[in-house]
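Colleague: here are the coordinates; sequence isn't available:
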């Protein structure tokens, strides 16, 4: 019992999951555990077209059956007994999904009631959530009169109206203008940080995933090719600095430990420095100033999600600057 | 506090049971259906015949009002199986048009707007969705069929007394059972046409055509082959034949009661299969 308590149930657990559509196998034995630690985590599902992202989501929702292996969501088997799990899940599909001749408030209320909210509570939550997503003034308009951005927000509203533990968002920023996109990403961040919801975001937009997610899963040809903790990646990347100075930098190596940093000189005033967690670039800037050195270049070399993605897809052999020492100046 | 000032908070209160959730779809659908004037008008018109029948029952049970009428006419106006079968024919006609009006608006909009994934991602299975839609139609058509029929039966029992009830209880049971068979068939036809045709008007036409075309084909088979079994594919005819057996009235020439009942079962099974194939959250192209 205690050991069960110590090991929290993963939001999504896949064990050698295989899914066939007709005779074609789409998912080839996927195994992973997503959203294991803590509450309110966002997991990004990335991959090119045909990678199997949508198939995985549809399998998690119980719309497709696994041909082998097992998929569990919030501890419930996705093949059987999904009734209880579904009242704890919110789903925002990629395509237009609504009832055109209903007002937004009636539509969201109906969806809330279907998820098990009593009628009065459903009505109250429908109003609240529509204000929350920015459709408060338009909540009595029929959904067919909505713009694309408003429809996306209405879809998000119906996905979270019943207060689910897990929200599955399929391409949430599709067709949104920059302002609406920012708003959508802000809402997703609030969902996990303030409401404690787990969020599974399926998108091909790397920047969106990078901005809101804590974990990223990269899929290719029906398999997971990379699973990374973005938070850790961000932390490690923040500490990696490229510095170029002019002046006598002979004492810099000895001075770096003052701020807990380590560095390697590449000659001609060029340095590669690793800052420890919690130390900002400002500290290095001040240290270099005290050494009477003139900073010619100070750059954060980041192992961006795009580089991780390209590497996982096989387009890059390695992340630039990841290992080894670059050649000196010509 | 105004709702816009409250902000959104996750719902953490009690949840409703499965039956309450099941009735959400019918509740919303009935509300929308009765907002259509044509549906409301046809429902009101459908009560004219039951009211006339009630007057007829009142007359037959008050001999003093029938004084002066000849004996043959007095024998003609009896509340028996024939009376209830005539009542059922008229109400069944209203039910056909009501189903054609209301049925296409049930599934077609959900398919056209891709709303099924939203329903099925909630605690609602495909079967409970189909059953909920069936409940909408059966519930709506019940108001103009077996409910007034049972009221007429009750009126007759009240006026004629317990002896009449003991001798004729099977009429009431047969009428309710007969109406249920008809409503089930009508509702499934309306749902199937709604599941396959996205335009409401065309879906309504298809559900009406189902009865007329199959009736026409059945008649052609009988005429061309000089047989009487062609009616087995005519849904209206086989249901009528089942009614005749249930009410104990003279049946038309053709397939017997059991054969007709089996034909109805096969039709219902086929229609259920047709609906099952269409009600999927995702369409898989092999």
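Modeller: Structure received. This one's a predicted model, so the numbers in the text were calculated from it and none came from an experiment.
Colleague: use CA for all of it now, contacts and neighbours both
Modeller: Noted.
Colleague: tell me the secondary structure for residue A:272?
Modeller: The local conformation at residue A:272, judged by DSSP: H, G, I helix; E, B strand; the rest coil, is strand.
Colleague: what pairs with it across the strands?
Modeller: residue A:242, residue A:264 (DSSP bridges).
Colleague: The helix or strand of chain B with the lowest mean pLDDT: what's the following helix or strand?
Modeller: Averaged element by element with mean pLDDT, DSSP states H and E, chain B has its least confident helix or strand at helix B:3-6 (a mean of 66). Sequence-wise, the next helix or strand downstream of helix B:3-6 (DSSP states H and E) is helix B:18-22.
Colleague: Assumed residue B:30 was part of a helix.
Modeller: Yes: with three-state DSSP as the criterion, residue B:30 is assigned to a helix.
Colleague: and it, how many residues sit next to it?
Modeller: 15 (other C-alpha atoms under 10 Å in any protein chain shown).
Colleague: Next: the one 10 residues further on.
Modeller: Around residue B:40 sit 14 other residues, with neighbours defined as other C-alpha under 10 Å.
Colleague: Please apply the same query to residue B:68.
Modeller: For residue B:68, using other C-alpha under 10 Å, the count is 8.
Colleague: Tell me the secondary structure at it.
Modeller: Per three-state DSSP, residue B:68 ends up coil.
Colleague: list the contacts for the residue nearest the centre of chain A?
Modeller: With distances taken as C-alpha atoms, centre = their mean, residue A:213 lies nearest the centre of chain A, 2.5 Å away. Contact analysis of residue A:213 by C-alpha atoms under 8 Å, 6 or more residues apart in numbering or on different chains lists A:41-44, A:201, A:230.
Colleague: cool, residue A:171 as well?
Modeller: A:93-94, A:201-204.
Colleague: nearest residue to residue B:189 other than its sequence neighbours?
Modeller: Excluding the flanking residues, the one nearest residue B:189 by C-alpha to C-alpha, 6 or more residues apart in numbering or on different chains is residue B:207, at 5.9 Å.
Colleague: Tell me where chain A is predicted with low confidence.
Modeller: A:1-7, A:37-38, A:233-239, A:300-308, A:310-311, A:314-330 (pLDDT under 70).
Colleague: Tell me who's in contact with residue B:82.
Modeller: For residue B:82, the contact set (C-alpha under 8 Å, 6+ apart) comprises B:247, B:249.
Colleague: I misspoke; the intended subject was residue A:173.
Modeller: Contacts of residue A:173 (C-alpha under 8 Å, 6+ apart): A:152, A:181, A:184-185.
Colleague: Please narrow the residues you listed to those residing in helices.
Modeller: Secondary structure defined by DSSP state H assigns A:152, A:181, A:184-185 of these to helices.
Colleague: and these, which two are the farthest apart?
Modeller: A:152 and A:185 (12.2 Å; C-alpha to C-alpha).
Colleague: Endpoint to endpoint, stretch B:191-204 covers what distance?
Modeller: With C-alpha to C-alpha, to the nearest Å as the measure, stretch B:191-204 spans 10 Å from end to end.
Colleague: touching chain A at all, that stretch?
Modeller: No: contact of stretch B:191-204 with chain A (C-alpha under 8 Å from any C-alpha of the partner chain) is absent, the minimum separation being 13.4 Å.
Colleague: List the buried residues of that stretch.
Modeller: Buried residues in stretch B:191-204, counting neighbours by 16 or more other C-alpha atoms under 10 Å in any protein chain shown, are found at B:191-198, B:200, B:203-204.
Colleague: Lowest-confidence one in the residues you listed?
Modeller: Looking at the buried residues of stretch B:191-204 by pLDDT, the weakest one is residue B:198, with 78.
Colleague: who's in contact with that residue?
Modeller: So residue B:198 contacts B:108-109, B:111-112 (C-alpha under 8 Å, 6+ apart).
Colleague: And residue B:53, by the same measure?
Modeller: The neighbours of residue B:53, taking C-alpha under 8 Å, 6+ apart as the test, are B:87, B:152.
Colleague: So it versus residue B:151, what's the distance?
Modeller: 11 Å.
Colleague: tally of neighbours for residue A:143?
Modeller: If you count neighbours by other C-alpha under 10 Å, residue A:143 ends up with 22.
Colleague: Same check on the one 5 residues further on?
Modeller: Applying other C-alpha under 10 Å, we find 15 residues neighbouring residue A:148.
Colleague: repeat for the one 10 residues further on
Modeller: Neighbours of residue A:158 under the rule other C-alpha under 10 Å: 26.
Colleague: can stretch A:75-92 be found next to chain B?
Modeller: Yes: if you take C-alpha under 8 Å from any C-alpha as the test, stretch A:75-92 does meet chain B, through A:82-87, A:89-92.
Colleague: For PyMOL, what selects the buried ones among these?
Modeller: The buried subset of the residues of stretch A:75-92 next to chain B, as determined by 16+ other C-alpha under 10 Å, is captured in PyMOL by this line:
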select buried, chain A and resi 82+83+85+86+87+89+90+91+92
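Colleague: Let's see which of the residues of stretch A:75-92 next to chain B end up in helices.
Modeller: Using DSSP H, the residues of stretch A:75-92 next to chain B in helices are A:82-86.
Colleague: sorry, back to before: out of the contacts of residue A:173, which is most surrounded?
Modeller: residue A:152 leads these on contacts (other C-alpha under 10 Å) with 26 neighbours.
Colleague: list the contacts for that residue?
Modeller: A:172-173.
Colleague: Residues of the stretch 1-150 of chain B that sit close to chain A?
Modeller: Near chain A, when you scan the stretch 1-150 of chain B using C-alpha under 8 Å from any C-alpha, you find B:3-4, B:6-12, B:14-17, B:21-22, B:24-25, B:28, B:109-110, B:113-115, B:117-119, B:121-124.
Colleague: one step back: any idea how many residues pack against the residue nearest to residue B:189?
Modeller: Number of residues near residue B:207 (other C-alpha under 10 Å) recorded here: 26.
Colleague: Helices of the stretch 51-200 of chain A, start to end?
Modeller: Taking DSSP state H, counting those that start in this stretch, the helices of the stretch 51-200 of chain A run over residues A:53-60, A:82-86, A:104-114, A:119-132, A:148-160, A:178-193.
Colleague: Okay then, goodbye and thanks.
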